[in-house]
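K.L.:
fold the stuff below for me.
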Amino acid sequence: MTAYSVLDVTPNCNDWVEDYVAQTSSIVARHGGKYIARTSNHERLEGQGENPAMRVIIEWPSIQSAKAFMSDPDYLPHLKARTAGSTSHHFVVEGL
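P.N.:
Next comes the predicted model:
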């Protein structure tokens, strides 16, 4: 069943961003993922809380595909760079 990664990302520094974007798209695709949105253009319509700098939505063939991406050895250095250089929240949502 289709699943979606929904990420809120606010960089604390930009040292990691260029390499992350350049390298991770092919790793996402290798796991069947497709970027739906990767943007700083978003607006809160309901609720309160912090507004992240970026919102990212990735469509996956399944939750297992999303988890396989997250544990891919080629992705792990980029994950480490993102988590060290940003405040990030990543949710995987089943597409029911």
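K.L.:
can you pull up the most central residue in this structure?
P.N.:
The C-alpha lying nearest the average C-alpha coordinate of the chain belongs to Leu7 (C-alpha atoms, centre = their mean; 4.7 Å).
K.L.:
ok, that residue - contacts?
P.N.:
Contacts for Leu7 (C-beta atoms under 8 Å, 6 or more residues apart in numbering) come out as 54-58, 88-91. Glycine gets a C-beta too; all of them are placed from N, C-alpha and C.
K.L.:
from these, which single one is nearest Val28?
P.N.:
The closest of the contacts of Leu7 to Val28 turns out to be Ile58 (C-beta to C-beta; 6.1 Å).
K.L.:
Ile63: neighbouring residues, count only.
P.N.:
When neighbours are counted by other C-beta atoms under 10 Å, Ile63 registers 17.
K.L.:
residues in contact with the nearest residue to Pro11 once chain neighbours are set aside?
P.N.:
Among residues not flanking Pro11 along the chain, Ser86 sits closest, at 4.6 Å (C-beta to C-beta, 6 or more residues apart in numbering). Ser86 is in contact with 9-12, 16, counting by C-beta under 8 Å, 6+ apart.
K.L.:
so which of the residues you listed wins on neighbours?
P.N.:
Neighbour max across these (other C-beta under 10 Å) = Val9, 21 neighbours.
K.L.:
state the helix or strand in which that one lies.
P.N.:
Under the criterion of DSSP states H and E, Val9 resides in strand 3-11.
K.L.:
tell me the angle of the helix or strand where Phe69 lies relative to strand 3-11?
P.N.:
For Phe69, the enclosing helix or strand under DSSP H and E is helix 63-70. Calculated by axes from the mean of the first three to the mean of the last three C-alpha atoms, to 10 degrees, helix 63-70 forms an angle of 30 degrees with strand 3-11.
K.L.:
so how far is the helix or strand following helix 63-70 off the chain centroid?
P.N.:
The first helix or strand that comes after helix 63-70 along the chain, using DSSP H and E, is helix 76-84. In terms of C-alpha atoms, centre = their mean, to the nearest Å, the centre of helix 76-84 is found 11 Å from the chain centre.
K.L.:
who does helix 76-84 touch, helix- and strand-wise?
P.N.:
helix 17-30 (3 or more C-beta pairs under 8 Å, 6 or more residues apart in numbering; DSSP states H and E).
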